[in-house]
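S.K.: predicted model follows, preceded by the sequence.
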Amino acid sequence: LLGTLMWAQAATRPDLSFAVALLACFQANPGPAHWKTLLHVLAYVKGMLDYKIVYSKELGGLIKPTGYVDSDYGGDLDTCHLTAGYIFLMVGGPVSWSSKHQQTVALSTTEAEYMAMMRGSQQALWMHNFLAEINLVQPCPALLHVDNNSSIALAQSTKGHACAKHIDIRHHYIREHVSEGDIEIIHIPSSENIADICTKPLTHAAHNYLVGLMGLKNQDGRTSQGEC
């Protein structure tokens, strides 16, 4: 059952990203609580069978990828590892998304978001290079939307910070590309950050709102009424 959900999530259902990634962590030794959660996700999918990704230039969509990045903070109660996620939209709908459990403990929300931004920036630059390969060159910079001001300031500054001196050098990858103009980081409110759906469980209202923002609609053009 979980494998079926994984296939659906990878192909057309970014709204399942967090739930599927979390359940996958317990495949080797599942318990009654995990089975109950899996049935809850299946019930959600059953209520959303006629929902699909809608792409439309008429809705203000652009070919240029627009990224949204987010992270939780110590969400894994056993290891305190973080979950980083991103979603990229093109022409009004999602084209790339990820929810990944990181093997790293962040010491602050700033550090957690900074690490997630590094993953998002890698994907953003890859997408720009891919589009250029098929003669759909997009103007720089690539756009990343983030809801943490401190992590944005950290990425935009080339100076040393006491809160960042311990951060692995690979996570500073984003600094170079921001300073060179390859990536622009834009602050948005947490309630508008679509990638939130990839990193943590949300309330019914928040989940439905973000599902609508990412372009999942049914055949009548309505957005989600379910809860995952």
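M.R.: Sure thing, it's come through.

S.K.: C-alpha from now on. contacts and neighbour counts both.
M.R.: Fine.

S.K.: show me where the protein has its strands.
M.R.: In the chain, the segments counted as strands under DSSP state E are 52-53, 66-71, 81-90, 93-105, 142-146, 183-187, 216-217.

S.K.: point out the most buried one among those.
M.R.: Using mean count of other C-alpha atoms under 10 Å, the stretch among these with the greatest mean number of neighbours is strand 66-71 (a mean of 28).

S.K.: pretty sure D147 contacts D70?
M.R.: Yes. Contact criterion C-alpha atoms under 8 Å: D147 and D70 qualify, at 7.4 Å.

S.K.: now the common contact residues for those two.
M.R.: N193 (C-alpha atoms under 8 Å, 6 or more residues apart in numbering).

S.K.: low-confidence regions, the chain specifically.
M.R.: When residues are selected by pLDDT under 70, those of the chain lie in 58-62, 75-77, 158-171, 219-228.

S.K.: farthest residue from the center of it?
M.R.: Going by C-alpha atoms, centre = their mean, the residue of the chain most distant from its centre is P32, 28.4 Å out.

S.K.: quick one: the helices in the chain?
M.R.: 2-11, 17-24, 32-46, 109-133, 149-156, 173-179, 204-213 (DSSP state H).

S.K.: got the angle between the longest one and strand 142-146?
M.R.: What separates the directions of helix 109-133 and strand 142-146 is an angle of 160 degrees, with axes from the mean of the first three to the mean of the last three C-alpha atoms, to 10 degrees.

S.K.: the last one now?
M.R.: For the pair helix 204-213 and strand 142-146, the angle between their directions (the same axes, to 10 degrees) equals 170 degrees.

S.K.: with the third one instead?
M.R.: Between the direction of helix 32-46 and that of strand 142-146, the angle (the same axes, to 10 degrees) works out to 120 degrees.

S.K.: which helices and strands sit right next to helix 32-46?
M.R.: Applying 3 or more C-alpha pairs under 8 Å, 6 or more residues apart in numbering; DSSP states H and E, we find helix 32-46 packed against helix 17-24.

S.K.: which strands or helices does the helix it packs on pack on?
M.R.: Secondary-structure packing of helix 17-24 (3+ C-alpha pairs under 8 Å, 6+ apart): helix 2-11, helix 32-46, strand 93-105.

S.K.: so which of the ones you listed gets nearest N193?
M.R.: Set against N193 and scored by C-alpha to C-alpha, the helices and strands packed on helix 17-24 come closest in strand 93-105, at 13.2 Å.

S.K.: as CSV, the helices of the chain with distance to S190 would be great.
M.R.: Listed next are those as CSV, based on distance: least, C-alpha to C-alpha, whole Å:
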stretch, distance to S190
helix 2-11, 23
helix 17-24, 17
helix 32-46, 24
helix 109-133, 12
helix 149-156, 11
helix 173-179, 21
helix 204-213, 10
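
S.K.: so which of the ones you listed gets nearest G74?
M.R.: Between G74 and those, the shortest separation by C-alpha to C-alpha is 8.6 Å, and it involves helix 109-133.

S.K.: can you list the residues that contact that closest one?
M.R.: Counting by C-alpha under 8 Å, 6+ apart, the neighbours of helix 109-133 from elsewhere in the structure are 65, 67-73, 82, 84-86, 106, 137-138, 142-144, 146, 148, 150-152, 154-155, 164, 167, 171-174, 182-183.
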